[in-house]
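Chemist: below is the sequence, then the predicted model.
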Amino acid sequence: MRKCLTLDVWDKLKDKKDSFGCTLGHIINSGVKNEDSGVGVYAGGPETYTAFAPLMDKIIECYHGLKPTDNHTSDWDVAKLTFPPLEDRFCVSTRIRVARNLDGFPFGTFISPE
């Protein structure tokens with residue numbers, strides 16, 4: 001976030017809201033509170049990526065190396081995956097994160113009881 005949230009980007013987005021009411025303050029809150037976080041920005045919903053494109057596009061390019069003009073393709077063919085041998089001495093513990101998103105609802109980071 002520190003690299004991508006320039007004064008120019010701040011000025012463009014400081015008063016912006018997406019359709020869920022998510023603001024720049026909402027999406028950067030984690031990075032402000034946790035200065036040592038990796039990225040520090042969490043999308044409030046799918047629209048965050050377009051509503052806050054001047055920031056989100058820069059972050060995606062820095063983190064993933066993808067420009068807004070690039071096409072992202074997913075290949076879910078598990079037969080193409082390769083893994084190094086799993087050795088107990090390297091893996092002490094692990095976790096698996098699963099998230100679900102429903103069309104028309106914000107992401108978990110911005111969802112409320114209402």
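Modeler: Everything's here; your move.
Chemist: what about residue 80, distance to residue 60?
Modeler: Shown here: residue 80 relative to residue 60, a distance of 24 Å by C-beta to C-beta, to the nearest Å. The way it works is simple: take the backbone N, C-alpha and C, and place the C-beta from them, glycine included.
Chemist: the more surrounded of those two?
Modeler: For residue 80 against residue 60, the residue with the higher neighbour count under other C-beta atoms under 10 Å is residue 60, and the figures read 19 against 7.
Chemist: enumerate every residue touching the residue positioned nearest the centre of the chain.
Modeler: Central residue check for the chain by C-alpha atoms, centre = their mean: the C-alpha nearest the mean position is that of residue 42, 4.9 Å away. Contact partners of residue 42, counting by C-beta atoms under 8 Å, 6 or more residues apart in numbering, are 27, 29, 30, 107, 109, 110.
Chemist: hang on, the first one packs against residue 41?
Modeler: Put plainly, it is residue 27. Yes - applying C-beta atoms under 8 Å, one finds residue 27 in contact with residue 41, separated by 5.4 Å.
Chemist: what do the two both touch?
Modeler: With contacts defined as C-beta under 8 Å, 6+ apart, the residues shared by residue 27 and residue 41 are residue 55.
Chemist: in helices, which of the contacts of residue 42 fall?
Modeler: Among the contacts of residue 42, the ones falling in helices (DSSP state H) are 27, 29, 30.
Chemist: and the longest helix seen in the chain, what does it pack against?
Modeler: Using DSSP H to define each element, the chain has its longest helix at helix 53-64. Helix 53-64 is packed against helix 7-13, with contacts defined by 3 or more C-beta pairs under 8 Å, 6 or more residues apart in numbering; DSSP states H and E.
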